[in-house]
Structures are given as structure tokens and as C-alpha cells.
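1. what's the 3D shape of this:
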Amino acid sequence: MNSKPVLQGEKKSRLKQEPLAFIDLETTGLLTTQHEIIEIGCIIANQTGGDRGVPHITLREELDIRVRPQHLETADIEALAINGYTEDRWHDAISLKEALTIVSEKTAGCIMVGQNVTFDWNFLAVAFEQEGIDCLMDYHRIDTMSMSFAKFQHDPAVQSFSLRAMAAHFGIEQKKAHQALDDIRVTFEVYKKLIEV
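-> Model (predicted):
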């Protein structure tokens, strides 16, 4: 009869200690059925108990992986321009299978965090399935855009919940927008600010 509250408590405790995988993708367009992942930026971080119930988030590792596209003929030209794709810049890119193998191993047991996380998760889920690689991340996901909306929806000073707007709100410098590692570094900093609000 008392087992249910204990299990819920254990689950909350476990989630509070899971490592976090902040992930941002650059793709050749917006459609998972047609477009490809061409860059993966990832920060793996640990969370430990902190002051006032706010966990300490400490960076463990960064990944910056460029992925060799296989179907540039289906790419959205505007998307390629936004994320700066050129053959020269991608000369050392690896296959999607290699990239996902690295991501799967490095993020095992992590909770995925992202800005508009559903977009990135949808591309990852399709890619893992297509390449026959197991995603070893926890099934929970955290969206910093949703967090921003929940915390600032009634604040007249915040008119947008985009990554750029939230970075500006918190005074976080965004150096190279639409480059996966730089975007996820900003997301990482925004998340740390949001959990303190």
C-alpha cells in the first residue's frame, strides 16, 4: 500500500541525478522525411545538489560532429546558407552511422535537453532507426523554450522565447548562430539561468 509513494520518490531522486545531454542539430531542411542531419553539437553535463534546491550543472564533455550528407539534391538551399554548409568546411565530416554511434555511447543514460527539443529529437529518432543504432538516452526530454515560456509568459520585458531572445535577456553572448556547438553552448547557459529563476 505504501509502495507507490516510495517508487515516485525514487524516480524523482534518480532524475535529479541523471547526466544531461544538451543537443543541437543542423540539418539540410525541416523535414525528417526528406532532409538530413549535417552537424551535431552536444554538451554532456552532470547535475549535483546545490544551494536553495538549484542543482550545480557542470560540463563534462563537448562534441562537435560534422556529418557527411548523402542527398544534397534534396537539401533546402536556404537551410544550407543559414548553417554555412560548404564542401570545404565539411571536408573532414564523418558518416551518419559513425556520428550516431559516438552520440549513442557518449549520451547513454542522459536526459536530452534542447531549444525546441522536439525538432532535434524527431531528426535523431528517425536517424537512429534508419541506421539501426540504439539510442541509449533516458526517454525524458527537457525543452528550454517551454521552460522560458512557463517562467516568463507574463513578463512584458520578454516578447519572444527564441534562443536569441533568451540569450539577450540573460546577457549571454551568442557568437555564431546556427552552428551546432555554438548554439548548444548558448542553450546550456540559458538552461543554467532558467533553473535559477
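2. confidence score at the most centrally placed residue in the chain?
-> The centre of the chain sits closest to residue 23, judged by Cα atoms, centre = their mean, with a distance of 2.3 Å. For residue 23, the pLDDT comes out at 98.
3. was I right to think it contacts residue 39?
-> No - assessed by Cβ atoms under 8 Å, residue 23 is found out of contact with residue 39, at 11.1 Å. Placement of C-beta: from N, CA and C, glycine included.
4. what sits against residue 89?
-> residue 66 (Cβ atoms under 8 Å, 6 or more residues apart in numbering).
5. could you list the low-confidence segments of this structure?
-> 1-13, 50-51 (pLDDT under 70).
6. how about the helices in it?
-> Using DSSP state H, the helices found in the chain span residues 3-17, 77-83, 96-106, 117-131, 144-152, 163-170, 180-194.
7. redo those as CSV? Include mean neighbour count and distance to residue 52.
-> Listed next are these as CSV, based on neighbours: other Cβ atoms under 10 Å; distance: least, Cβ to Cβ, whole Å:
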stretch, mean neighbour count, distance to residue 52
helix 3-17, 10, 14
helix 77-83, 14, 39
helix 96-106, 18, 31
helix 117-131, 17, 26
helix 144-152, 18, 16
helix 163-170, 18, 18
helix 180-194, 22, 14
